[in-house]
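Asks: Make a model of this:
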Amino acid sequence: MSLILLAAGLVSAATGDAVGGSIIVVILGFSVLLDTYQEGQAVHAAAILRQSVAVSARVRRDGAFVAVAIEAVVPGDIVEVRAGDIIPADALILDSTAFTANEAALTGEPYPVDKRAGLVTATTPAEASNALFRGAIAQTGTATALVVGTGRATLFGSAAAALATAAAPSPFERDLHAYGLLTTRLTLALVVVVLTASIFLGRPLLQSLLFAVALAVGLTPELLPMITTVTLSRGAMRMAKRKVIVKRLASIHDLGAMTILCTDKTGTLTSAQISLARSIGATGIDDPEAARLGAMAAAFGGDRGALDTALVTASPDAAKDWTLAAQSVFDFDRRLGTVLATGAGGTILITKGAPEAVLAGCNLSEVDQAAILAQVRALAEQGLRAIAIASRPWTGPTHAPTRDDETNLVYAGLCAFADPPKATAPAAVARLQAAGIRLKILSGDDPVVVGRLAGLVGLATSRVLSGTDIAKLSDDALAVQVRNVDAYGRLAPDQKARLVRALQASGAIVGYLGDGINDAPALKLADIGLSVAGAASVAQASADMIMLDSDLGVVADGVEEGRRTFANILKYVRMGASSNFGNMLSMAAASLFLPFLPMLPTQILLNNLLYDVSEIGIPFDGVRAEAVARPQVWSMPALIRFAAVMGPLSSAFDLLTFAGLSLVFHVAAPEFRTAWFLESMATQILVIFVIRTNGRPWADLPRLALALSSLGALLVAMVLPFTSVGDWFGFVAPPLVVVASIGGITLAYLVLAELLKTFLFDHRPTKRARR
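Replies: You can find the predicted model right below:
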């Protein structure tokens, strides 16, 4: 649109109207520079924040592994990859420990692939078990590898690059786009009608074209991208001060609109200081043997989790005289892991994992198994998480244990772990609930442990669903259950994602907070994905925001900032949907009935420029506490209702102005244009002080930046017609009685707008936009 207007301005200058053409070019240039500068500053600030949480790779430098940006990895580097890392380049494995990689994004196969050093004759990349491919995810274990290809020069370069492409637009981004399309269609329709009518009335073609295009520029919310970007960027900077780093700007609104937050318990609701509380032998009494065997298995594990670390800490010398022969790492299908360890007395197979899974391979009667599981439940009721340990001698050839090998086991006992709730958790949960956010715990832990924790942190839940329960439910049945159940235990990764999907289908806007490999699918699927600093690389890559402190209080802070940011964006949209839309509509209508143009094209552009300047302070404005108290989402019906009332209200006062100028004061065309320019600027700019708050304007004063930008632009508009510069735009000084009447009309308009706004602001509960 600006290019069309620029071309028309140049044509105008070339055909003799040098002043008018020059003014058009200058105004357009200033407007573009203003928009570009503000948005550029905002984008730069957001880029700095994203860079601070960019995924890195560990590369050997001067004999030690250090973290570098993935883009800095080059062929010939030696990289170290751990469970949860995104593989940064194509590489050949030099050494590995129980290493598997998930190449589903590259090959389509969902199962982890074993990777180890050695010479391999492979006919396809998928068969290259000694190679790592950029974009795959390290599932278990560790590996060091020699980089042979980076970037587009990798075997799966195009597929890996696809992983980095922008995610699908969020509901907020789609709604902004829909608003832009609606405005564009209305503008085009209005321009076609005005241009056709002007030509039909015999007005000069160039003047008619300039007027129509200038009218289109006035109607177009060209500052919406800039206001949105600047406001979101300021929100991102404020959130960074509150220990939340924003990776995707639009997610700030999504966080503020969130109605349900799903979270694991470890590290957010609990202290994450997991320790071994008890080692219980096969006889049911305390016995260190179970902990010793568990620590031996943990010491050899390629993917050492928090429980493994607690076991090794409790028995640091358990594996001192043993070496690892082979292992099958823990996975969520088997719910256990097994190692083969060789010592002076021979080789032993040790299995540890979920009690039900381990007991299934033990030589125990049903009565004994029931007694052990009852003991597990009793521990869970005390808030202790238990795993079972079993073993047997190994006499066969050495190989990675299979499910068939995990049988005929001798039960060794239970290891029980404590992870107490954070002291700050109950207050943080209460704060989120007060903000209209429902918290749901999605955990891989024992359902009894999850239920007990839920009660300790203030979640009123009488029922906990397990992964086994969920597996039996259809999607429709699950959709009913998720409305009433807030705690879930023994969940597999795909079940976490399924729960998120069910909550979204119920109309909720869902946030997900997770830090593990198994959280990545749910993080990607959620409307707002939250991870923490130090989380698995794939979790951080899937998240929209990274929390520098794994505390729910930080989430509550972020929610407030998200709502504050959205409230300021909505102020701009409401301004455009009220007096600006009404003024442009009045101008279009007047052009059809007046014997002259109600404003010259240059006057319309000046009006639009000053209006834009008046809005620059919006991102810096304050927001009332009520606006951040409940979730807020973009509501197109509410916006249309607002425009349908406030737009015609503005037009009605414009028509009153027209009637007074024509029928009472009988002014000529130049005075008419000047007077209406003053009235339109006054109503467009001053209405921001009415609609910026749902309270009374005098009780909620604007921040200094908005007051200065708005009143400064208005002052320029009011003074300009009385100066020699006003002559360039075709202004003439109107009589003081006309100016006084404009003041009265503006005051009446603002009073009526204040009365009507109470019935227009939408306070209904939010619903997610349909996908």
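Asks: For the rest of this, base every contact and every neighbour count on C-alpha atoms.
Replies: Noted.
Asks: now the residue nearest to F620 when sequence neighbours are not counted: how far from L224?
Replies: In space, and not counting its chain neighbours, F620 is closest to A705: 6.4 Å by Cα to Cα, 6 or more residues apart in numbering. According to Cα to Cα, to the nearest Å, A705 stands 18 Å off from L224.
Asks: Which pLDDT value goes with the residue nearest to F620?
Replies: The confidence metric pLDDT takes the value 93 at A705.
Asks: Show me how this structure divides into domains.
Replies: 59-163, 175-239+563-757, 244-271+422-548, 280-414 (automatic domain parsing).
Asks: nearest to A556, of those domains?
Replies: With Cα to Cα as the criterion, A556 lies closest to domain 244-271+422-548 of the domains of the chain, at 5.9 Å.
Asks: Same list, the domains of the chain, but as JSON lines with distance to V555 and mean neighbour count please.
Replies: As requested, the domains of the chain are arranged in JSON lines below (distance: least, Cα to Cα, whole Å; neighbours: other Cα atoms under 10 Å):
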{"stretch": "domain 59-163", "distance to V555": "23", "mean neighbour count": "19"}
{"stretch": "domain 175-239+563-757", "distance to V555": "10", "mean neighbour count": "20"}
{"stretch": "domain 244-271+422-548", "distance to V555": "8", "mean neighbour count": "22"}
{"stretch": "domain 280-414", "distance to V555": "23", "mean neighbour count": "19"}
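Asks: show me where the stretch 1-150 of the chain has helices.
Replies: Per DSSP state H, counting those that start in this stretch, the stretch 1-150 of the chain carries helices over the ranges 2-14, 18-51, 104-107.
Asks: wait, what's in contact with the nearest residue to A434 once chain neighbours are set aside?
Replies: What sits nearest to A434 in space, not counting adjacent residues and going by Cα to Cα, 6+ apart, is A629, at 7.7 Å. With contacts defined as Cα atoms under 8 Å, 6 or more residues apart in numbering, the neighbours of A629 are 434-436, 560.
Asks: A629 and V246: what is the separation?
Replies: As judged by Cα to Cα, A629 and V246 stand 22 Å apart.
Asks: any idea how far the residue lying farthest from the centre of the chain is from A589?
Replies: Residue farthest from the centre of the chain, counting by Cα atoms, centre = their mean, is H666 at 57.0 Å. Remark: distance between H666 and A589 (Cα to Cα) = 19 Å.
Asks: cool, V230 as well?
Replies: For V230 relative to A589 (Cα to Cα), the value is 34 Å.
Asks: From A257, how far out is the residue nearest to A434?
Replies: A629 is 11 Å from A257, by Cα to Cα.
Asks: How about G712?
Replies: Going from G712 to A257 by Cα to Cα gives 34 Å.
Asks: Can you pull the poorly scored residue ranges out of the protein?
Replies: Low-confidence segments of the chain, defined by pLDDT under 70: 1-55, 104-111, 121-127, 155-168, 170-171, 217-223, 301-304, 332, 579-580, 761-771.
Asks: hmm, 50 instead?
Replies: 1, 4-5, 8, 108, 158-166, 763-766, 769-771 (pLDDT under 50).
Asks: which residue is nearest the middle of it?
Replies: The chain has S251 as the residue nearest its centroid, 2.6 Å off, counting by Cα atoms, centre = their mean.
Asks: Restricting to C-alpha, output stretch 308-322 in CSV.
Replies: C-alpha atoms of stretch 308-322 as CSV (Å, rounded to 0.1, in the frame of the first residue of the first chain):
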residue,chain,number,x,y,z
ASP,A,308,21.2,-43.6,40.1
THR,A,309,23.1,-40.7,41.5
ALA,A,310,21.5,-41.1,44.9
LEU,A,311,22.4,-44.9,44.9
VAL,A,312,26.0,-44.2,44.0
THR,A,313,26.3,-41.5,46.6
ALA,A,314,25.0,-43.8,49.3
SER,A,315,27.4,-46.7,48.2
PRO,A,316,30.3,-45.1,46.4
ASP,A,317,32.5,-48.2,46.4
ALA,A,318,29.9,-50.7,45.4
ALA,A,319,31.3,-51.2,41.9
LYS,A,320,35.0,-50.9,42.9
ASP,A,321,36.1,-54.4,42.0
TRP,A,322,33.7,-55.0,39.1
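Asks: quick thing: my sequence starts at 299, can you match it?
Replies: With the count now opening at 299, the last piece we talked about shows up as stretch 606-620.
Asks: contacts for that stretch?
Replies: Residues from elsewhere that reach stretch 606-620 (Cα under 8 Å, 6+ apart): 572-574, 589-594, 596-597, 639-642.
Asks: And for stretch 876-891?
Replies: Applying Cα under 8 Å, 6+ apart, the contact partners of stretch 876-891 are 488, 492, 495-496, 513, 516-517, 895-897, 940-941, 943-949, 952-953, 978, 981-982, 985.
Asks: how about 7 Å then?
Replies: By Cα atoms under 7 Å, 6 or more residues apart in numbering, the surrounding residues in contact with stretch 876-891 are 492, 495, 513, 516-517, 895-896, 941, 944-946, 948-949, 952, 978, 981-982.
Asks: among these, which are in helices?
Replies: Of the contacts of stretch 876-891, the ones assigned to helices by DSSP state H are 492, 495, 513, 516-517, 941, 944-946, 948-949, 952, 978, 981-982.
Asks: which pair in those residues spans the largest distance?
Replies: Largest separation among these by Cα to Cα: A495 and T981, giving 27.1 Å.
Asks: which stretches of the stretch 449-598 of the chain form strands?
Replies: 542-544, 558-561, 573-579 (DSSP state E, counting those that start in this stretch).
Asks: Which one of those lies nearest to D1025?
Replies: D1025 lies closest to strand 542-544 among these, at 48.9 Å (Cα to Cα).
Asks: which strands and helices sit next to that closest one?
Replies: helix 316-349, strand 843-845 (3 or more Cα pairs under 7 Å, 6 or more residues apart in numbering; DSSP states H and E).
Asks: just how off-centre is it within its chain?
Replies: Mean-position distance between strand 542-544 and its chain equals 10 Å (Cα atoms, centre = their mean, to the nearest Å).
Asks: and if you look at stretch 971-988?
Replies: With Cα atoms, centre = their mean, you get 37 Å for stretch 971-988.
Asks: again, but for stretch 663-673
Replies: Centroid separation for stretch 663-673 versus its chain: 46 Å, with Cα atoms, centre = their mean.
Asks: now stretch 830-843
Replies: Distance of stretch 830-843 from its chain centroid, counting by Cα atoms, centre = their mean, is 12 Å.
Asks: In PDB, list the C-alpha atoms belonging to that stretch.
Replies: C-alpha atoms of stretch 830-843 as PDB (Å, rounded to 0.1, in the frame of the first residue of the first chain):
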ATOM      1  CA  VAL A 830      14.600 -25.200  32.700                       C
ATOM      2  CA  ALA A 831      18.200 -24.300  32.400                       C
ATOM      3  CA  GLY A 832      20.300 -27.500  32.600                       C
ATOM      4  CA  ALA A 833      17.500 -29.600  31.100                       C
ATOM      5  CA  ALA A 834      18.100 -32.100  28.300                       C
ATOM      6  CA  SER A 835      19.000 -30.300  25.100                       C
ATOM      7  CA  VAL A 836      16.000 -31.800  23.300                       C
ATOM      8  CA  ALA A 837      13.700 -30.500  26.000                       C
ATOM      9  CA  GLN A 838      15.200 -27.000  25.800                       C
ATOM     10  CA  ALA A 839      15.000 -27.100  22.000                       C
ATOM     11  CA  SER A 840      11.300 -28.100  22.200                       C
ATOM     12  CA  ALA A 841      10.400 -25.400  24.700                       C
ATOM     13  CA  ASP A 842       9.200 -21.800  24.000                       C
ATOM     14  CA  MET A 843      10.700 -20.500  27.200                       C
END
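Asks: how about the residue nearest to A833 when sequence neighbours are not counted, what does it touch?
Replies: Spatial nearest neighbour of A833, chain neighbours left out: D813 (4.6 Å); criterion: Cα to Cα, 6+ apart. Taking Cα under 7 Å, 6+ apart, we find D813 in contact with 829-830, 833-834, 837.
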